[in-house]
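> Okay, sequence plus prediction incoming.
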Amino acid sequence: MNSSASQASGRVDLAIVGAGPCGLAVGAAARRAGLSSIIFDRGCVVNALVGYPLNMTFFSTPENLEIGDVPFVTRDVKPTRHEALTYYRRVAGYFELDVRQYEEVLDVEGAAADFWVKTRMRDGTEAGYPARNIVIATGRFDTPNLLGVPGEDLPKVTHYYREAHPYYDQACLVVGGGNSAAEAALDLWRSGARVTLVHFLDEFDPGVKPWVRPDIENRIREGSIAARFRTRVHEIGPDFVTLQREDGPDSERLANDWVFAMTGYRPDIPFLRRLGIDVDGDTGIPVHDPDTMETNLPGIFIAGVLAAGYDANKIFIENGKLHGDRIVNALTGSRSD
């Protein structure tokens, strides 16, 4: 397909950047209100969920993850990653959402009621689409917090955790003190990896799940998983890592095969600012009206975890999915209860 052939023939009411659950929720709300939309994602539908551990179970219940009154039926009380992927595909199909997978939004030009969305597809082909309004729902999972140390770009380093089997009998370093780090360390250990966990604070983060915390603490206490608290990664080498204590000059060199930097993720602030959206420097929260989700730029809205800035524990699918109704209500003049 060439660029001219991929141009949208008509101006859509909403161009949505991001096909995660919250982006799909905006599309579903638009469909129910009779508005046209097109959804872009540089990955696949709910690409962030694809990056979750293969055997992950959600902390939330299925009804809290539902979109547009489409029932989310699960085998157990808590849905699995596989069930969530199946469900959100069904949502996209049920509402007949126009999702452009593997088509990255490069820029947005113009002004309210007359925007032009510039995109690039997997094969490098660029295209453009006219839209009356823009919704940014890019989440945070595509932008990890980097360690900023030598060797972080080595192939042995990853900021995502999928499964443990490939790391059997391998020396693995897990960096972080949150749920992702604790669960990755436990899964790796139970699959026969030799695990060391490193965290720059004195203890695990307060938000670690109540059934995970005693498990990881007991494994550390008994010596099954080695732990270095108040310690940071100083350097990563092909077959080693160097650690540095926070409270002293002493460093430690460990033999190492793999590094899992479970240090969290952040919103794509540079993209927002490039569009002209004002972002608070301390909180990372884009300037917006919480009742309508409209930013300082008329016609450009945000949805999902972007509204929480750097606070990863403030907005989830459960409450981020509600932003779609706020946006659509603002555009149609409706009022939500």
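Now that the structure is in, tell me what you want to look at. A quick note: this is a predicted structure, and the numbers were derived from the prediction, not measured.
> Please write out the alpha-carbon positions of stretch 151-168 in PDB.
Only the C-alpha atoms of stretch 151-168 are listed here, as PDB (Å, rounded to 0.1, in the frame of the first residue of the first chain):
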ATOM      1  CA  GLY A 151      26.300  -2.200  29.700                       C
ATOM      2  CA  GLU A 152      22.500  -1.600  29.900                       C
ATOM      3  CA  ASP A 153      22.300  -2.000  26.100                       C
ATOM      4  CA  LEU A 154      23.700  -5.500  26.200                       C
ATOM      5  CA  PRO A 155      21.400  -8.300  24.800                       C
ATOM      6  CA  LYS A 156      21.400 -10.000  28.200                       C
ATOM      7  CA  VAL A 157      19.500  -7.000  29.700                       C
ATOM      8  CA  THR A 158      15.700  -6.700  29.500                       C
ATOM      9  CA  HIS A 159      13.100  -4.400  31.100                       C
ATOM     10  CA  TYR A 160      10.300  -6.900  30.600                       C
ATOM     11  CA  TYR A 161       9.700 -10.300  32.100                       C
ATOM     12  CA  ARG A 162       7.800 -13.100  30.200                       C
ATOM     13  CA  GLU A 163       8.700 -16.500  31.600                       C
ATOM     14  CA  ALA A 164      11.300 -18.400  33.600                       C
ATOM     15  CA  HIS A 165      12.100 -21.600  31.700                       C
ATOM     16  CA  PRO A 166      14.900 -20.200  29.400                       C
ATOM     17  CA  TYR A 167      16.800 -19.100  32.500                       C
ATOM     18  CA  TYR A 168      17.100 -22.500  34.200                       C
END
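> Let me know how buried Phe95 is, in neighbour terms.
20 (other C-beta atoms under 10 Å). For the C-beta atoms, the positions are set from N, CA and C on the backbone; glycine is no exception.
> so it sits right up against Ala25, yeah?
No: judged on C-beta atoms under 8 Å, Phe95 makes no contact with Ala25 at a distance of 10.0 Å.
> shared neighbours of the two, anything?
Shared contacts of Phe95 and Ala25 (C-beta atoms under 8 Å, 6 or more residues apart in numbering): Gly68.
> Could you find the closest non-adjacent residue to Gly178?
Take Gly178 and drop its neighbours on the chain: the residue closest to it by C-beta to C-beta, 6 or more residues apart in numbering is Asp205, 4.6 Å away.
> before we move on, what about Asn145?
Thr263 (4.5 Å).
> And that neighbour, how far from Arg232?
11 Å (C-beta to C-beta, to the nearest Å).
> got it, and Ser191?
Distance from Ser191 to Arg232, by C-beta to C-beta: 26 Å.
> Could you do Pro155 as well?
Counting by C-beta to C-beta, the gap from Pro155 to Arg232 is 22 Å.
> How many residues are close by Ser60?
14.
> If you count neighbours, what's buried in stretch 194-213?
Buried residues in stretch 194-213, counting neighbours by 16 or more other C-beta atoms under 10 Å, are found at 194-200, 204-205, 208, 212-213.
> Oops, could you answer that again for stretch 166-179 instead?
167, 170-179.
> same question, stretch 150-168
In stretch 150-168, counting by 16+ other C-beta under 10 Å, buried: 151, 156-157, 159-162, 164, 167.
> avg pLDDT for that stretch?
Stretch 150-168 comes out with an average pLDDT of 96.
> likewise stretch 176-192?
Per-residue scores along stretch 176-192 average to 96.
> Then stretch 244-260?
92.
> ok, now stretch 71-82?
pLDDT averaged over stretch 71-82 gives 92.
> Show me the contact partners of that stretch.
So stretch 71-82 is contacted by 49, 52-63, 65-66, 83, 87 (C-beta under 8 Å, 6+ apart).
> now swap in stretch 91-102 and tell me
Contacts for stretch 91-102 (C-beta under 8 Å, 6+ apart): 19, 24, 27-28, 31-32, 37-45, 67-68, 70, 119, 121-122.
> Kindly supply the PyMOL command isolating those of those residues that are buried.
Selecting only the buried entries of these in PyMOL, with 16+ other C-beta under 10 Å as the criterion:
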select buried, resi 19+24+27+28+31+37+38+39+40+41+42+43+45+67+68+119+121
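> Which ones among the contacts of stretch 91-102 lie within strands?
37-40, 119, 121 (DSSP state E).
> mind giving me CSV with the residues you listed and columns for distance to Lys314 and pLDDT?
Output for those, formatted as CSV (distance: C-beta to C-beta, whole Å; pLDDT from 0 to 100):
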residue, distance to Lys314, pLDDT
Ser37, 26, 97
Ile38, 28, 98
Ile39, 24, 98
Phe40, 25, 98
Thr119, 30, 98
Met121, 34, 96
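> For the helix or strand of the chain with the lowest mean pLDDT, list every residue counted as buried.
Between all helices and strands in the chain, the lowest mean by mean pLDDT, DSSP states H and E belongs to helix 317-320, at a mean of 88. Neighbour-count burial for helix 317-320, with 16+ other C-beta under 10 Å as criterion, is recorded at 317-318, 320.
> Tell me the buried residues in stretch 43-52?
43, 45-49, 52.
> Between those, which sits nearest Arg274?
Nearest to Arg274 among the buried residues of stretch 43-52, counting by C-beta to C-beta, is Gly43 at 19.9 Å.
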